[in-house]
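Based on what follows, work out the 3D shape:
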Amino acid sequence: MMFYQKIADGISMPMLGFGTFMNTGADCERTVAEAIHTGYRLIDTAEAYGNEEQVGREIKAGMENSLRLLGTDYLDLVLLHWPFADYYTAWRELEKLHKAGYICAIGVSNFEPDRLIDLIAYNDFKPVINQIETHLYCQRQAEHLWKDKYNVAHMAYAPLGQGQANEMFTEPLVQEIAAKYGKTAAQVLLRRTMQDHTIVIPKSVHSERIAENFNVFDFELTTAEMKLLATLDKKVPMIGKPETPELVEFSLTW
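Predicted coordinates:
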């Protein structure tokens, strides 16, 4: 079973995908193959990850027959990764590729509301999606309101904290809810974000966790539980801070 979110006219996107950040080489090929076998149909990668070849090889192996039958050769979704450098020119190049039919949909990542609205206001196409760091401790409610206003879908990277906030798994409230539903803390955290109308792309290199992260469609958090979990929001991102000068400097090395 899979939940989908409409991101543009005629286009629906899985609410749960597989992240590949910091996953390269043979491990990347193995885990992407396992993810596809498990049922994932949204695979996230980026040029900066250095794993596009491995990801592409396993997607091709998993989907080659379907692509042959469909007779298609295009990318479903391409995101502009950071609001750095001449991103206006980069966005307009994506618009051209979209118009030409090479890309089905285009979006952005790590855009704060002001940059997102600016991009929408002064270009032909608006992003269908904005991928930003989102998890229990950084729920992005303010950003979510702006994306809803402009009908831009919300995608969460690092939905489990990317190893930098493991204390979220031992939060007493999270543990209590997990015990109630017979689920793990990670499953509760992913389900919380999905129920907040946000697409999630958890990453793992462990077979059992790849399967575990996919098994979140057979329970539903109550409104009261969602409200309680919202009180744990610290509202501070750990990774996705495009306004940080040090990060802009670091981008010069990518």
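
quick check, distance from the helix or strand where Glu176 lies to the centre of its chain.
When secondary structure is defined using DSSP states H and E, the element that contains Glu176 is helix 172-181. For helix 172-181, the distance from its own C-alpha centre to the chain's C-alpha centre is 25 Å (Cα atoms, centre = their mean, to the nearest Å).

Output it as PDB, restricted to C-alpha atoms.
Coordinates of each C-alpha in helix 172-181 appear next as PDB, following Å, rounded to 0.1, in the frame of the first residue of the first chain:
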ATOM      1  CA  PRO A 172       8.900   9.300  26.300                       C
ATOM      2  CA  LEU A 173       5.900  10.500  24.200                       C
ATOM      3  CA  VAL A 174       7.300   8.800  21.100                       C
ATOM      4  CA  GLN A 175       8.000   5.600  23.000                       C
ATOM      5  CA  GLU A 176       4.500   5.600  24.500                       C
ATOM      6  CA  ILE A 177       2.800   6.000  21.100                       C
ATOM      7  CA  ALA A 178       5.100   3.400  19.500                       C
ATOM      8  CA  ALA A 179       4.100   0.900  22.300                       C
ATOM      9  CA  LYS A 180       0.400   1.600  21.800                       C
ATOM     10  CA  TYR A 181       0.500   0.700  18.100                       C
END
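
Residues contacting it, please?
Judged by Cβ atoms under 8 Å, 6 or more residues apart in numbering, the contacts made with helix 172-181 from elsewhere in the structure are 136, 168, 183-185, 187-189, 219, 221, 225, 228-229, 232. C-beta: built from backbone N, CA, C; applies to glycine.

In helices only, show me those.
In helices, defined here by DSSP state H, the members of these are 185, 187-189, 225, 228-229.

out of those residues, which are buried?
With neighbours counted using 16 or more other Cβ atoms under 10 Å, these contain these buried positions: 185, 187-189, 225, 229.

Closest one to Lys99 out of those residues, please.
Checking these against Lys99 by Cβ to Cβ gives Leu189 as the nearest, at 38.7 Å.

Now for the spatially closest residue to that closest one that is not a sequence neighbour, how many residues are close by?
Spatially, and ignoring its direct neighbours in sequence, Leu189 is nearest to Leu136 (5.5 Å; Cβ to Cβ, 6 or more residues apart in numbering). When counting by other Cβ atoms under 10 Å, one arrives at 25 neighbours for Leu136.

and what of Gln175?
Number of residues near Gln175 (other Cβ under 10 Å) recorded here: 14.

Please state the backbone phi and psi of Phe18?
The phi and psi values for Phe18, taken as degrees, to the nearest 10, are phi -120, psi 120.

from what I can see it touches Val205, true?
No - applying Cβ atoms under 8 Å as the test, Phe18 and Val205 come out as separate, 10.9 Å apart.

Which one's more surrounded, the two?
Phe18 (27 against 14).

next one: the helix or strand where Glu34 lies to chain centre, how far?
Here Glu34 sits within helix 25-38, counting by DSSP H and E. Its chain's C-alpha centre lies 18 Å from the corresponding centre of helix 25-38 when counted by Cα atoms, centre = their mean.

Could you list the buried residues of that helix?
Going by neighbour count (16+ other Cβ under 10 Å), the buried part of helix 25-38 is 28-29, 31-36.

From the contact counts, what lies against it?
Here helix 25-38 touches strand 18-19, strand 43-44, helix 52-70, helix 207-214, going by 3 or more Cβ pairs under 8 Å, 6 or more residues apart in numbering; DSSP states H and E.
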